[in-house]
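>>> have a look at this prediction, sequence included:
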Amino acid sequence: MGQNWNFYEERLKQQAELTPFKASAKRVAVRKSPAEKARLDAEVAQRFEEIAEAAAPQPALSRVEKVMRKNAPDLAGASEAEVRAAQARNAAHLDARWPRPRLAALVLVGLVMWLHPLSTVRLFVCAVLLFLVAAVTTGPERARDGSFFLWRRFLRYWKVELVVARKLFRRARQRMVAQRD
């Protein structure tokens, strides 16, 4: 670990600045009036305060505290302004997510599958045939890896919408069962 020589250099500069000032203030204070002495004393006190403030370490927030202040400012002890800013960010995020065109597309795909099951079966048969052709031409491992890649991309793109669609489907099914009973 290296030394922080900048700290020592700054300290030496501060001491060099203060020492001549104190000496000149003492020389001037002997010759000046009481009002001048009071002004010089106030100036010295002000400079000492500035040095003390500069030397005092500023309390820094850790990364965890910064994230907590951003995500849950009301729990992290943030000010009212930070809480309001976080609420505005959350509202803007929710507004940006709705309406969900991908969810509408997923519902449309489900409706097409339900209304035209023969077309859906044909599409699945074509997909299986394409997988078999890819497996013969590139090898089964590469075909498997390619299909897993496509599946992961599909889930990454549609993950939230699939969860919402599942919840909607469960709720609709529960209502139908409740109406039947």
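Yep, it's here. Numbering: from 1, shown residues only.

>>> low pLDDT regions in the protein?
Applying pLDDT under 70 to the chain flags residues 1-9, 11-32, 54-58, 97-99.

>>> roughly how far does residue 158 sit from residue 66?
To residue 66, residue 158 is 32 Å away according to CB to CB, to the nearest Å. All C-beta atoms are positioned from the backbone trio N, CA, C, and that covers glycine.

>>> how about residue 93?
19 Å.

>>> out of those two, which sits in the busier spot?
Using other CB atoms under 10 Å as the criterion, residue 93 and residue 66 rank with residue 66 on top: 12 against 9.

>>> quick check: which element contains residue 45?
Per DSSP states H and E: residue 45 is located in helix 34-55.

>>> what residues sit buried inside that helix?
Buried positions in helix 34-55, judged by neighbour count with 16 or more other CB atoms under 10 Å: residue 40.

>>> just the CA trace of it, in CSV.
The C-alpha coordinates for helix 34-55 follow below in CSV (Å, rounded to 0.1, in the frame of the first residue of the first chain):
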residue,chain,number,x,y,z
PRO,A,34,-9.4,47.4,19.0
ALA,A,35,-11.8,47.4,16.0
GLU,A,36,-9.0,46.2,13.8
LYS,A,37,-8.0,43.5,16.3
ALA,A,38,-11.6,42.3,16.4
ARG,A,39,-11.8,42.1,12.6
LEU,A,40,-8.5,40.2,12.5
ASP,A,41,-9.6,37.8,15.2
ALA,A,42,-12.8,37.1,13.3
GLU,A,43,-10.9,36.5,10.1
VAL,A,44,-8.5,34.1,11.9
ALA,A,45,-11.5,32.3,13.5
GLN,A,46,-13.2,32.0,10.1
ARG,A,47,-10.0,30.6,8.4
PHE,A,48,-9.7,28.0,11.2
GLU,A,49,-13.3,27.0,10.7
GLU,A,50,-12.7,26.6,7.0
ILE,A,51,-9.6,24.5,7.6
ALA,A,52,-11.5,22.3,10.1
GLU,A,53,-14.4,21.8,7.7
ALA,A,54,-12.0,20.9,4.9
ALA,A,55,-10.1,18.5,7.1
